[in-house]
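S.K.: let's see this in three dimensions:
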Amino acid sequence: MTDSTEGDSDEPLVIASAAGDARAFGQLVLRYQSYVKMVVWRKIGNSETAEDVAQEAFVRAWRKLGHLDDPKRFRQWIARIASNLATDFLRSKRPEPLPIKEEILDEPDPHQPVVGRDIETHELMSRIVAAIDELPEEYRLTATLRYIEDLDYKTIAARLGIKDETIRKRLQRANVKLREKLLPLLKKDGLLP
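M.R.: Below is the predicted model of the structure:
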C-alpha cells in the first residue's frame, strides 16, 4: 500500500532528487513513509523500531539515489532497502512482541467470550497485517493508520480529511471483516482456543 499512486508520477521526483533537490525527495518521503514503515514493521513487529529503521531506509536511499537505474521503480527499490535494513536489525537484536489492539479481536456480543487478549506474538501480528492488506482500500488505510501507526481517531480524521464518526464506522466495519478472516485461521493454527 502506498500513500498515493506510484509509477510515472514518481519519475520526475526521483530525477530531481538524484540531481540534489531535497524538496523533491521530501515529497517521495511523504508519499512512501507509511508504506516503508509497514514493510519494516512486517519483519520487525515493533512500531517504534520500524519507524527508526524506515527513517534509516530513506537516509540510505537519499545517499544512493544515483544507483537507481529506473526512476519508475522507486517504490520497489525503497522497499528492498527497508527490507534489507530490517533483516540487518533482526540479525543484531531480538525484536520485542508488539501488543495487539484489543478492539480487533474483541467480540461485539457481550455474551460471547473475549478472545485474543493475551496473544502478543509476532506471527499473529503478521497475520493481522496480511488481513489488513486484504481489506477494501478505505478500510485498509483507516485500519493501517489505527493499528499499525497507532494513531487516534482525531489524528486519522485530520489526516484523511473526514469526520471522526466516519473513522469509527470504518474501523467497526474493518474489525468485523478482520474477525471473520482471522478467528478461523487463529483457531485452526492453535493460536486461539
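S.K.: and the gap between Leu65 and Glu165?
M.R.: According to Cβ to Cβ, to the nearest Å, Leu65 stands 42 Å off from Glu165. No exception for glycine: its C-beta is placed from N, CA and C like everyone else's.
S.K.: which SSE is the residue most central in space within the chain in?
M.R.: With distances taken as Cα atoms, centre = their mean, the residue of the chain nearest its centroid is Met38 (3.0 Å). For Met38, the element it lies in under DSSP states H and E is helix 22-44.
S.K.: could I get the buried residue list for that helix?
M.R.: Buried residues in helix 22-44, counted by 16 or more other Cβ atoms under 10 Å: 24-25, 27-29, 31-44.
S.K.: kindly report the same for stretch 158-176.
M.R.: Buried-residue list, stretch 158-176, by 16+ other Cβ under 10 Å: Arg159, Ile167, Arg170, Leu171, Arg173, Ala174, Asn175.
S.K.: same check on stretch 84-94?
M.R.: By neighbour count on 16+ other Cβ under 10 Å, the buried set for stretch 84-94 is Leu85, Ala86, Phe89.
S.K.: related to what we said a few turns ago, list the contacts of the residue nearest to the centre of the chain.
M.R.: Counting by Cβ atoms under 8 Å, 6 or more residues apart in numbering, Met38 makes contact with Met1, Ala50, Val129, Thr144, Ile148.
S.K.: show me where pLDDT drops low in this protein?
M.R.: 1-8, 93-126, 185-193 (pLDDT under 70).
S.K.: how about the helices in it?
M.R.: All helices of the chain, identified by DSSP state H, fall at 10-18, 22-44, 47-64, 74-92, 102-105, 122-133, 137-143, 153-160, 164-188.
S.K.: what packs against the last one?
M.R.: I take that to be helix 164-188. helix 102-105, helix 122-133, helix 137-143, helix 153-160 (3 or more Cβ pairs under 8 Å, 6 or more residues apart in numbering; DSSP states H and E).
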